[in-house]
Each structure stands twice: as C-alpha cells, then as structure tokens.
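Peer 1: this one's structure only:
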C-alpha cells in the first residue's frame with residue numbers, strides 16, 4: 001500500500017470524481033480518434049492505483065446517444081480490465097436498492113451480484129449526450145448496467161414531479177447520502193424547480209450524521225432566462241454538489257454563500273470544442289470523506305491533448321496594421337503565423353513527458369478583423385501547419401463586431417461585443433435583443449402599453465415556433481386588461497389622465513414577473529388556438545366545426561379537442577385528435593390552462609383603443625394567481641490552483657420528520673442550510689494528512 005493510502009483508515013471514503021468523458025468523440029478522425037479512450041484508460045488507472053472505494057461519474061460518459069460498436073467495445077474492455085478483480089469492496093449500501101436502481105433489470109449494486117467479481121464499483125448518472133431515448137427509454141449506460149459494469153442511478157421519467165431518493169452508503173462510521181439526477185431539458189427542470197415539483201428524500205434516522213452529496217448534469221452558466229439551473233434552486237442541506245455538463249475545469253470546491261454548500265465542477269476530460277473553457281488544464285478529483293469532513297485532491301491528467309487558444313484584435317495594433325495599406329492582408333497573415341509558432345513553442349515546452357500524450361496540439365487563433373480589414377485564405381494558411389497541429393483546418397477563426405451607424409433617424413441596436421457569427425459560446429436570444437432595442441430607442445418609439453419582457457417573449461414565440469398571431473394576441477390581451485383596469489378605476493375620459501393611469505398600470509405589471517409570464521402564456525395559447533381553428537376550417541372546407549376547448553399541459557402547449565367531422569376526412573391527423581384525457585391537465589403551479597381564459601374568438605375589432613374601456617362591456621376581468629418568488633442568478637467562479645483543498649462541515653440544525661417512512665420529504669425551497677466553519681478551510685501540502693487525521697479524530 002502506498003504512503004498516501006496508509007494515511008486512510010477504515011472510516012474514510014475515497015472516491016474518484018470525473019465528468020464528461022465523451023467516449024467516441026471524433027472517433028473517425030485519424031489523429032484525434034483515440035483521445036477520449038486514452039484519457040478514460042488513465043482515469044480508470046488512477047482509480048486502481050489509488051485504491052478508491054468507487055468511481056463517480058457525472059454524465060456524458062459517451063459522446064453520442066447511439067455509440068458505435070467500437071466505442072461500446074472499448075468501454076467494456078476498459079471497465080472489465082480495471083473494475084473487475086478480487087479486491088474486496090469496503091462499504092455497504094443501506095438504502096432500498098430496488099428504488100435506487102429501479103429501472104435496471106438487475107436492481108441491485110453490481111458488486112453484490114454473486115455472478116460478478118467487482119473491485120471498483122462505478123456509479124454514474126446519464127448526461128444530455130447519452131440520455132435515454134426511444135420507445136423503451138434506454139441509453140448506453142443501460143447496456144453497461146445490464147452487463148454489470150456500471151451502476152446507473154438518478155434516472156427520472158416524470159415530467160410532473162421528481163422525487164430523488166439517495167443511495168445510502170456506509171464505511172465504518174462515515175455515512176454518505178448520494179443523490180443523483182440525470183440530464184433533463186433545462187427549461188423543463190427550471191419550471192419544475194420553480195414550481196416546487198422537485199423533492200429530495202432524506203433519511204429520518206440521524207439526519208445530521210449523513211454527508212449529503214448531489215450529482216447533477218445541467219447548465220450551470222446562464223444561457224437564457226430559464227435555460228440553466230440556478231444554484232439557489234438546490235436544497236440547502238447538501239454538503240457537496242458535483243456539477244457535470246460544464247466543460248471548464250473548476251474542480252476545487254467553491255462555496256455558495258447563500259445555500260452554504262460547496263460546488264465542484266470537474267469539467268471534461270477531452271476538448272470537444274475550441275473554446276477558452278476547454279483550454280483550462282484537465283483534472284480529476286480524489287475526494288476523501290470522513291464523517292462530515294471532506295478533502296478534494298486535484299489530479300492533473302497526463303494524457304490529454306494540449307490545447308492553446310489566443311485572441312488577436314487587429315485594431316489594437318494601429319502602428320502595425322493600416323487598412324489602407326495594399327499589403328495589409330499579407331502583413332496580417334505573417335503576424336498570425338508568428339502567433340501560431342509561439343503557441344507551438346509553448347506546447348513543446350509544456351509537454352508532460354507522458355508517452356501516451358498525443359504529439360500534435362490543438363491550436364486556435366481567433367482574429368477580430370473589425371475596422372476595415374479583410375481575412376486571408378484559411379486554406380492556404382492551414383497548409384503550413386498540417387504536420388504540426390491536430391486541427392490544421394480550423395486553426396484560424398475570423399470574426400468581427402457589428403458596427404453601429406450614427407444616424408438620428410435610424411434606431412439601431414448596439415450589439416457591443418457580439419460576434420457576427422454567434423459561435424464560440426455566444427448565444428443570442430430574441431427577447432434579449434428586443435429588450436436592448438427599447439433600452440437604446442428614442443422616447444417617441446418607447447412602449448406605452450406593453451412591457452419589453454412581454455413583447456420579447458411574443459417575438460421569441462414568433463421566431464422559434466412560427467406563431468404568426470403571437471404578437472397580435474399579446475397586444476389584444478394587454479389592451480383588454482388595461483381597459484378593464486381603467487373601467488374599474490372610473491377614470492374620466494380625458495387623454496392626460498388616461499395616459500397617466502396607463503403608465504402607472506404598465507410599471508406595476510413590470511414588477512410582477514410571474515403575472516406577466518401568465519399573460520404571455522395565455523396570449524400564446526390564444527394564438528395557437530386561432531391557428532388550429534384556421535387549419536381545421538381550411539381542411540373541412542364548408543363543414544361546420546365545433547369551437548375548440550383548451551387543455552393545459554406541462555409544456556404550456558394547447559391541444560385542440562377533436563372537432564366533430566361530418567365525413568371523417570381528417571382521420572390521419574393524429575396529434576390534432578388528442579383529448580384532455582390523453583394529455584392530462586396542467587400540474588404546474590400557475591393554474592390550469594382551461595380556466596379564466598379570455599375568449600379566443602377573432603371577432604374583436606383591430607381598431608380597439610383605450611377609450612373603448614369607457615363603453616359598455618360584458619366581459620369580466622380574469623383571475624390571477626398570487627405572484628411567485630423571483631430567483632436571482634449566482635454563479636460561483638473559482639480560479640484556485642491549489643492541488644488539495646479541504647473543508648469541514650459543522651453541525652446542522654435538526655429538522656423534524658414529516659413522514660412515517662424511512663425517508664422524510666423535503667421541498668426544493670426550504671429553510672436555511674448547513675453552516676461551515678471557515679477556520680477549518682485549509683490547504684493540504686506535503687505531509688498534511690497528519691493534520692487531516694487529527695482534525696477528523698477530534699470530531
């Protein structure tokens with residue numbers, strides 16, 4: 001046994017943590033085809049050398065949803081080589097395994113199978129690349145699970161409510177509650193968290209003695225309004241969150257000051273895109289847990305292909321490059337060659353000396369040619385580095401910023417630093433552009449009735465889903481609501497007073513985002529209903545069609561109930577014939593889609609105005625749900641280069657049990673969570689494991 005392992009005792013869990021292996025990435029490429037397999041071999045070798053208790057993977061073990069035979073074969077070969085053997089497993093599973101692995105044909109942990117000889121168990125959730133699909137909802141991990149080589153956990157198929165039951169592990173006196181949730185579309189999971197439809201089950205016995213660890217595979221960075229999972233959505237009783245899907249390596253645990261847990265983002269083990277985040281050094285983590293104390297040791301990967309990236313802004317070199325110079329393009333090409341040569345020299349100097357590390361590095365030079373410059377031929381440029389780089393065809397990436405025209409009569413967006421080609425991690429959303437537009441627009445073109453948020457959502461619906469009536473329905477809906485408001489206030493029919501009340505009403509709506517979301521949803525439902533009516537009328541020619549009814553769904557879609565058809569001509573339109581019993585009613589916290597809806601009829605005049613509010617009307621105001629809590633984004637960023645970081649969890653507040661079963665349910669939003677002692681945050685250097693043991697023994 002090695003000297004480092006001699007410091008571990010029978011109460012210490014040793015777990016090797018890795019995410020986003022992406023086996024099979026670019027497997028048909030002559031140079032890069034084996035990169036993912038070589039690095040996975042190194043990870044398993046590290047697990048074997050360090051005699052870990054188990055290997056914990058955070059999703060995306062495979063790059064493709066349907067891996068090739070070569071990828072499956074190589075994965076099985078490596079798992080059988082390193083994970084099967086006679087070394088006994090030192091921990092036991094205390095939870096109900098038929099619940100933890102209920103989707104498996106063999107619902108128990110693999111090392112307890114009498115027909116298998118497992119020395120290193122592998123626990124893994126699925127990612128967005130290898131998620132379950134098809135009629136049987138199977139994924140590549142299910143093949144490995146059936147073969148007895150991987151324990152696939154954290155799977156949920158419900159779109160209405162998720163109950164996460166932990167795998168309860170015990171080694172000596174240390175106990176771990178391992179929670180997992182495989183990849184779910186971010187927008188759907190965001191809504192479920194927001195509606196408090198995600199529940200974590202906790203053991204009722206000795207609640208405070210468990211080290212609670214959660215493995216999740218979702219967007220951590222904000223890519224849109226709901227296209228990510230804020231850390232504040234996660235339960236505050238957690239001690240450590242292992243976050244997959246994000247490829248930038250931030251493996252040193254970062255403290256979330258609001259929820260008071262730590263987040264570890266191991267990143268990917270292979271570069272799947274030529275972006276700055278992938279250029280960070282790749283690591284895996286050796287996690288030690290003893291009682292409520294944890295220690296994360298960063299282990300650099302030696303077989304990862306080197307990757308260097310640099311940005312070049314031509315306008316920053318006015319002394320060298322002049323757009324009016326006829327030879328400026330040749331000068332730029334020469335300068336780029338020098339930059340690439342410098343990166344190749346750096347790659348040669350920083351080689352780790354591992355015989356399995358690929359020789360040719362990945363090189364990326366991003367050139368911003370804004371300011372009147374012209375790009376040169378990338379094909380001719382790539383020929384100079386064919387034998388020295390692994391990606392000669394895409395070494396150079398040209399882009400430029402959009403320039404804003406200075407015209408008083410033109411209202412243009414200031415795109416700032418947005419690339420003309422939204423690649424390299426840049427994400428453009430229509431609602432954001434609409435909001436930016438009205439921020440920079442002149443006063444005479446500002447919205448006076450609608451809000452920027454609602455208009456942005458309507459335009460997004462028009463662009464993404466081709467709902468041609470989305471904007472018109474939103475305008476009509478807001479107009480009707482404003483009319484009702486003015487009528488209830490008994491405002492005099494004077495334009496100045498009306499304008500003032502409309503402005504106040506608009507500002508009030510802007511502060512109530514949940515109500516505004518509901519308004520947009522209702523307007524979109526009306527637009528879809530009208531489109532369906534038009535299509536049905538066109539299909540039935542002169543036949544009479546019954547008025548459609550609304551049925552709410554979890555995805556905010558509206559399904560038309562099947563109209564009576566005289567001749568049965570639309571027999572083949574399957575989705576249009578779905579009824580309420582087929583799809584079910586909405587279970588989100590925003591109310592049923594079938595109640596309190598304004599009429600979707602198209603009889604209203606297009607020339608309606610605010611003054612129409614003072615005319616007699618039989619329409620009653622619709623009810624609204626109570627506004628929901630708003631959540632703000634907080635993304636932790638940790639640039640620490642410490643090789644080892646340890647944290648100690650202090651005692652937590654005791655929570656009363658609410659269930660008579662062995663688990664107690666806990667909502668995704670609850671009272672404040674654990675406290676950590678800052679004085680125990682320490683760095684482990686050489687020989688510091690003695691201090692680690694002393695601190696643990698004192699607990």
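Peer 2: In hand now; what should we look at? Bear in mind that the values here come from a model prediction, so they are computed numbers and not experimental data.

Peer 1: for residue 488, grab the count of nearby residues.
Peer 2: Using other CB atoms under 10 Å, residue 488 has 10 neighbouring residues. C-beta: built from backbone N, CA, C; applies to glycine.

Peer 1: assumed it was part of a helix.
Peer 2: Yes - Residue 488: assigned to a helix according to DSSP: H, G, I helix; E, B strand; the rest coil.

Peer 1: ok, it to residue 214 distance?
Peer 2: Distance of residue 488 to residue 214, given as CB to CB, to the nearest Å: 48 Å.

Peer 1: ditto for residue 288
Peer 2: In terms of CB to CB, residue 288 sits 18 Å off from residue 214.

Peer 1: what does residue 304 give?
Peer 2: Applying CB to CB, the value for residue 304 to residue 214 is 27 Å.

Peer 1: what does residue 24 give?
Peer 2: 27 Å.

Peer 1: where along the stretch 101-250 of the chain do the helices fall?
Peer 2: 140-146, 186-194 (DSSP state H, counting those that start in this stretch).

Peer 1: next, the buried residues of the longest one.
Peer 2: Neighbour counts using 16 or more other CB atoms under 10 Å place 186-187, 189-194 of helix 186-194 among the buried residues.

Peer 1: now stretch 305-319
Peer 2: 305-310, 312, 314.

Peer 1: for stretch 120-135, same thing?
Peer 2: Neighbour count says stretch 120-135 has 120-132 buried, by 16+ other CB under 10 Å.

Peer 1: kindly report the same for stretch 481-491.
Peer 2: 481-487, 491.

Peer 1: so for it, mean pLDDT?
Peer 2: What stretch 481-491 shows for mean pLDDT is 73.

Peer 1: swap in stretch 185-203?
Peer 2: Here the average pLDDT along stretch 185-203 is 92.

Peer 1: equivalent analysis for stretch 309-329, please.
Peer 2: For stretch 309-329, the mean confidence score works out to 91.

Peer 1: please apply the same query to stretch 366-374.
Peer 2: 91.

Peer 1: straight-line length of it, end to end?
Peer 2: 14 Å (CA to CA, to the nearest Å).

Peer 1: list the contacts of that stretch.
Peer 2: 309-315, 321, 323, 328-329, 332, 336, 375, 396-401, 403, 424 (CB atoms under 8 Å, 6 or more residues apart in numbering).

Peer 1: count the residues that sit near the spatially closest residue to residue 84 that is not a sequence neighbour.
Peer 2: What sits nearest to residue 84 in space, not counting adjacent residues and going by CB to CB, 6 or more residues apart in numbering, is residue 117, at 5.6 Å. Here the number of neighbours of residue 117 (other CB under 10 Å) works out to 13.

Peer 1: surely residue 117 touches residue 88?
Peer 2: No - between residue 117 and residue 88 there is no contact under CB atoms under 8 Å: 10.2 Å.

Peer 1: against residue 171, how distant is the residue nearest to residue 188 when sequence neighbours are not counted?
Peer 2: Leaving aside its chain neighbours, residue 188 sits nearest to residue 159 (6.6 Å; criterion: CB to CB, 6+ apart). Distance of residue 159 to residue 171, given as CB to CB: 36 Å.

Peer 1: one more: residue 303?
Peer 2: Distance from residue 303 to residue 171, by CB to CB: 30 Å.

Peer 1: residue 218 now?
Peer 2: Residue 218 is 29 Å from residue 171, by CB to CB.

Peer 1: who has more neighbours, those two?
Peer 2: Each of residue 218 and residue 171 has its neighbours counted (other CB under 10 Å); residue 218 has more, 23 against 20.

Peer 1: what's around the closest residue to residue 376 other than its chain neighbours, how many residues?
Peer 2: Distances taken as CB to CB, 6+ apart place residue 333 nearest to residue 376, at 4.7 Å, with adjacent residues excluded. Neighbour count for residue 333, taken as other CB under 10 Å: 17.

Peer 1: what's the answer for residue 320, then?
Peer 2: 12.

Peer 1: which residues touch it?
Peer 2: Counting by CB under 8 Å, 6+ apart, residue 320 makes contact with 331, 335.

Peer 1: now with 10 Å, please.
Peer 2: 314, 328, 331-332, 335 (CB atoms under 10 Å, 6 or more residues apart in numbering).

Peer 1: and those, which are buried?
Peer 2: Buried subset of those (neighbour count, 16+ other CB under 10 Å): 314, 328, 332.

Peer 1: before we move on, the earlier item: just the contacts of stretch 366-374: which are in helices?
Peer 2: Using DSSP state H, the members of the contacts of stretch 366-374 that fall in helices are 328-329, 332, 336.

Peer 1: what's the closest of these to residue 81?
Peer 2: residue 336 (44.1 Å; CB to CB).

Peer 1: mind pulling the model confidence for the closest one?
Peer 2: Reported pLDDT for residue 336: 94.

Peer 1: could you pull up phi and psi at residue 100?
Peer 2: phi -60, psi -40 (degrees, to the nearest 10).

Peer 1: correction: residue 284
Peer 2: According to degrees, to the nearest 10, residue 284 has phi -120, psi 170.

Peer 1: ok, now which ones touch the residue nearest to residue 143 when sequence neighbours are not counted?
Peer 2: In space, and not counting its chain neighbours, residue 143 is closest to residue 72: 6.8 Å by CB to CB, 6+ apart. Listed by CB under 10 Å, 6+ apart, the contact set of residue 72 reads 23-24, 62, 66, 140, 143-144, 147.

Peer 1: before we move on, which element is residue 72 in?
Peer 2: Per DSSP states H and E: residue 72 is located in helix 69-83.

Peer 1: list the buried residues of that helix.
Peer 2: Residues of helix 69-83 classed as buried: 71-72, 74-75, 78-79, 82-83 (neighbour count, 16+ other CB under 10 Å).

Peer 1: and if you look at stretch 219-232?
Peer 2: For stretch 219-232, using 16+ other CB under 10 Å, the buried residues are 219-220, 225-231.

Peer 1: hang on, the earlier thing: pick out the most distant pair among the buried residues of stretch 120-135.
Peer 2: Counting by CB to CB, the most remote pair of the buried residues of stretch 120-135 is 120 and 128, 25.9 Å apart.
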